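Peer 1: Pasted the sequence and its predicted model underneath.
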Amino acid sequence: MSSTRLGVPLRSPGRARLVSATSATSSQTAPSSPLGSAAPAPSRAGSGASAPRTLHALVRARTPDALSAPAGSPSKRILAPSTRVHVLPDKLGQAHIDALRQLVAHLGALNVVRSSHTASVAVSLDYATVVLSEIRAPKRAERALGDEAESRGVPVLHHSWLTACLEAGIQVPHEAYQIYPRLTAPAASASASASASASALKRAASNEPASPRRHPEKILRLEESGTEEEQEQDEAYAALRGGYASAEEEEGGYGSHEEGTLPVMVPRGIDKGKGRALDVDASPSRRASASPTPPPHVVAYEGAVPAWQNSANACFRPTPIRSMFNQPLVDELEVIRVSRVLFEKNGARDQHNSAAYGRAISAIKAYPHPLAKDPKKAKEIAGVGAKIYKAVLQFYELGYVAEARAIRGDQSHAIMKSFLDFYGVGPAGARKAYQQGARSLQDLCSLGGSYSDRLGREECLRILPDLLHRIPRRECEFIAELIHDEFEKIHPGMKYTICGGYRRGKATSGDVDVVLAPDPEKAPVGDLKSLKHQTRLLHQVLEALKKKAVMTHIVSVAQPSEYYGEAIVPHCDIAEIVVLPPSLPGAGADATKRPRYRRVDIILTRAEVYGATVLGWTGSKQFEKDIRRQARQQGYKFHSTGLVRLEQPGVTLDTPQEQDIFELLGVPYMPPHLRNCDA
DNA sequence: AGGCCGTACTG
DNA sequence: CAGTAC
DNA sequence: GCCT
């Protein structure tokens, strides 16, 4: 079973706390280290805004290498917050060491320092991502590091790497500064990296993935989608429904051409025939009878597609599942974004840093030309500023972004990232668990992470690995029908739409989002009399699902407020549950394969706001953020239970269809398949 | 210089 | 209130 | 980090 992947062999947790990391930022609070316990911040020389200048003076005065800081000294971070630097004291005076450490902090990285005399260098190396030294001879560096150095794979760089980063305004590759391990290619001096990166460059230009096949990110992760297993299961559901071709690769892009109206490939599998071409929602259900093998879910979209525009708002730009032109770059920047998420602290300005990457990534993803042809064009894209522009240039120059490459080589990052995939674990939880020594799901559950408090460790280990598996479209449909059927039994005349990634056309989904409401067309009389009725209906359905052993867990049932001031506003009832779908009749003999636990969100809403709810639950995240920003700008507040004018917050506008909201907000209708604005 | 989606639950 | 989810 |  795939969960074994989680049992990654890792060193025994434990000695972590020997090391303390300190960090001082150019101003304000010294963030506590994500790894190791926070040490008291060192006395900051020159507090407040004058810090950088003081630093430069300091460094210039005490460093042999001249520090020719460009006129505009960088106020933003240059090294990733995930960069952890250990300065080798050998041959460096204390003053010089201090200056280097200050520079490290100024650039936004962490210093790793030994907390006691007894701690060995090797312990520090465990936490450092780079070691800096004045030493230039590999042999000497090796001696200084000790035996374990090699196994750790932490490179020793000459400290001029730091100033090089400062000058470039972006993290630069290690190669030209690397002393140990000695690079096989004659790359010891500045001009070297060019030849080494030739092949990488070719990759970038040809839009191939920039990351080496076996980067550590994969250690704890399951495949993105379309594992053989899942494809197979997809087939099983297809068989159940009367024979489908196998799911396409995730896709949905522009055809090959310029902006304008684009013949877009979009998923189908959802068009039940009642309603207009644009109305792609609704029940996939009764289609199994359409006998001659129905086509795969990707078909030509017939409606008009908004033209690309250089907007800072993702909701104005058509964004397919994968960029046809710049996906490798998108993937590269996403690595950086995730690392920023992992290191963001609430309250600090960090949280907006990852968001900025998210917007830039989204903008690049939607950009309808290959940047490889002309990287300079990137600076004209709204959402791409000075810093990310530099990263783009670096990507096409070298074939990778130095910071992203460094992050990929960082085990701790890979592990913490994998923790984020578990329900209830966010950045803080992932950091904390890692810091406490957790390296696997088992560790995480033992420490009380994810929902192990509620479920208990064993139960967690039984359920959570299943939830990592993505859900094929057929099974999404199967589960949604199951749920819809229960609603019909209690309250006939309900319509539903499977939202989330499914509706955006993805081949597989992380969970199933089912939005339901009474359908006025089917059963005008069957409308829910009051909000109380609505809530009761949901609970009745949950009860029924539990009785049938389809639902195994209730993660939470939201009880949204009914009042806004004095006004009663419509609300959604939301149930987050875990289901274990019955094994498929169609999959018959193949009963060896047990079904998997699946996360399902049931959203019960009302016909008057059905459009808002469906829009709100279709995503992507970036699309949601940006359509809300747009709403604000237009004097509205939008959320999934409705659209209201800021002046009359008590009055929810009728938005039975998604189109209603687009119109009111002045946004061209974007078909769901072009709302894939996240990397 | 100020803002960055909006709401709800858990501990 | 911090953290997390959707 | 980027936009207004």
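Peer 2: Sure thing, it's come through.
Peer 1: which element is A:Ala575 on?
Peer 2: For A:Ala575, the enclosing helix or strand under DSSP states H and E is strand A:573-579.
Peer 1: wait, does that strand make contact with DNA strand C?
Peer 2: Yes: applying CB under 7 Å from any atom of the strand, one finds strand A:573-579 touching DNA strand C at A:574, A:576. The C-beta positions use only the backbone N, C-alpha and C, and glycine is treated the same way.
Peer 1: Around DNA strand C, which positions in chain A sit nearby?
Peer 2: So far as CB under 7 Å from any atom of the strand goes, chain A lies against DNA strand C at A:345-347, A:420, A:422-430, A:511, A:513, A:555, A:574, A:576, A:599, A:601, A:617.
Peer 1: In strands, which of those residues fall?
Peer 2: Among the residues of chain A next to DNA strand C, the ones falling in strands (DSSP state E) are A:513, A:555, A:574, A:576, A:599, A:601.
Peer 1: Most neighbours among these, which one is it?
Peer 2: Neighbour tally across these (other CB atoms under 10 Å): the maximum, 25 neighbours, falls on A:Asp513.
Peer 1: Show me what it is bridged to.
Peer 2: Under the criterion DSSP bridges, A:Asp513 forms beta bridges with A:Asp601.
Peer 1: A:Tyr367 touches A:Gln327, doesn't it?
Peer 2: No: using CB atoms under 8 Å, A:Tyr367 makes no contact with A:Gln327, being 11.0 Å away.
Peer 1: could you check the angle strand A:573-579 makes with whatever helix or strand A:Lys532 lives in?
Peer 2: Element membership of A:Lys532, judged by DSSP H and E, is helix A:531-547. Interaxial angle of helix A:531-547 relative to strand A:573-579 (axes from the mean of the first three to the mean of the last three CA atoms, to 10 degrees): 0 degrees.
Peer 1: need the contact list for the closest residue to DNA strand D within the stretch 351-500 of chain A.
Peer 2: Nearest residue of the stretch 351-500 of chain A to DNA strand D (CB to the nearest atom of the strand) works out as A:Gly385 at 2.2 Å. For A:Gly385, the contact set (CB atoms under 8 Å, 6 or more residues apart in numbering) comprises A:356, A:360.
Peer 1: so how far is A:Ile361 from it?
Peer 2: Counting by CB to CB, to the nearest Å, the gap from A:Gly385 to A:Ile361 is 13 Å.
Peer 1: If you tally nearby residues, what's the number for A:Ile170?
Peer 2: 21.
Peer 1: So chain A: which segments form each domain?
Peer 2: Residue ranges for each domain of chain A read A:16-184, A:408-467, A:471-674, as given by automatic domain parsing.
Peer 1: Including mean pLDDT and distance to A:Ala307, could those domains go into JSON lines?
Peer 2: Formatted as JSON lines, the domains of chain A follow (pLDDT from 0 to 100; distance: least, CB to CB, whole Å):
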{"stretch": "domain A:16-184", "mean pLDDT": "64", "distance to A:Ala307": "33"}
{"stretch": "domain A:408-467", "mean pLDDT": "91", "distance to A:Ala307": "36"}
{"stretch": "domain A:471-674", "mean pLDDT": "91", "distance to A:Ala307": "8"}
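Peer 1: can you list the ones you listed in JSON lines and add distance to A:Lys373?
Peer 2: Listed next are the domains of chain A as JSON lines, based on distance: least, CB to CB, whole Å:
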{"stretch": "domain A:16-184", "distance to A:Lys373": "22"}
{"stretch": "domain A:408-467", "distance to A:Lys373": "26"}
{"stretch": "domain A:471-674", "distance to A:Lys373": "23"}
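Peer 1: so which of these comes closest to DNA strand D?
Peer 2: So among those, domain A:16-184 is nearest, using CB to the nearest atom of the strand, at 3.4 Å.
Peer 1: The residues of chain A next to DNA strand C, buried ones only, as a ChimeraX selection?
Peer 2: A single ChimeraX command selects the buried members of the residues of chain A next to DNA strand C (16 or more other CB atoms under 10 Å):
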select /A:345,422,423,425,427,429,430,511,513,555,574,576,599,601,617
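Peer 1: Keeping just the C-alphas, turn stretch A:632-645 into PDB.
Peer 2: Extracted as PDB, the C-alpha positions of stretch A:632-645 are listed here (Å, rounded to 0.1, in the frame of the first residue of the first chain):
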ATOM      1  CA  ARG A 632     -14.500  45.000  -2.700                       C
ATOM      2  CA  GLN A 633     -13.300  47.400  -5.400                       C
ATOM      3  CA  GLN A 634     -16.800  47.500  -6.800                       C
ATOM      4  CA  GLY A 635     -18.400  48.200  -3.500                       C
ATOM      5  CA  TYR A 636     -19.500  44.700  -2.800                       C
ATOM      6  CA  LYS A 637     -18.700  42.000  -0.400                       C
ATOM      7  CA  PHE A 638     -18.700  38.500  -1.900                       C
ATOM      8  CA  HIS A 639     -18.600  35.200  -0.100                       C
ATOM      9  CA  SER A 640     -20.000  31.800  -0.800                       C
ATOM     10  CA  THR A 641     -23.400  32.500   0.800                       C
ATOM     11  CA  GLY A 642     -24.000  35.500  -1.300                       C
ATOM     12  CA  LEU A 643     -23.100  38.900  -2.700                       C
ATOM     13  CA  VAL A 644     -24.000  42.000  -0.700                       C
ATOM     14  CA  ARG A 645     -23.500  45.700  -1.200                       C
END
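Peer 1: close to DNA strand B, is that stretch?
Peer 2: Yes: Stretch A:632-645 lies within reach of DNA strand B by CB under 7 Å from any atom of the strand, at A:632, A:637-640.
Peer 1: Turn these into CSV, columns for neighbour count and distance to DNA strand D.
Peer 2: Shown next, in CSV, are the residues of stretch A:632-645 next to DNA strand B (neighbours: other CB atoms under 10 Å; distance: CB to the nearest atom of the strand, whole Å):
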residue, neighbour count, distance to DNA strand D
A:Arg632, 13, 12
A:Lys637, 13, 19
A:Phe638, 24, 19
A:His639, 15, 21
A:Ser640, 21, 24
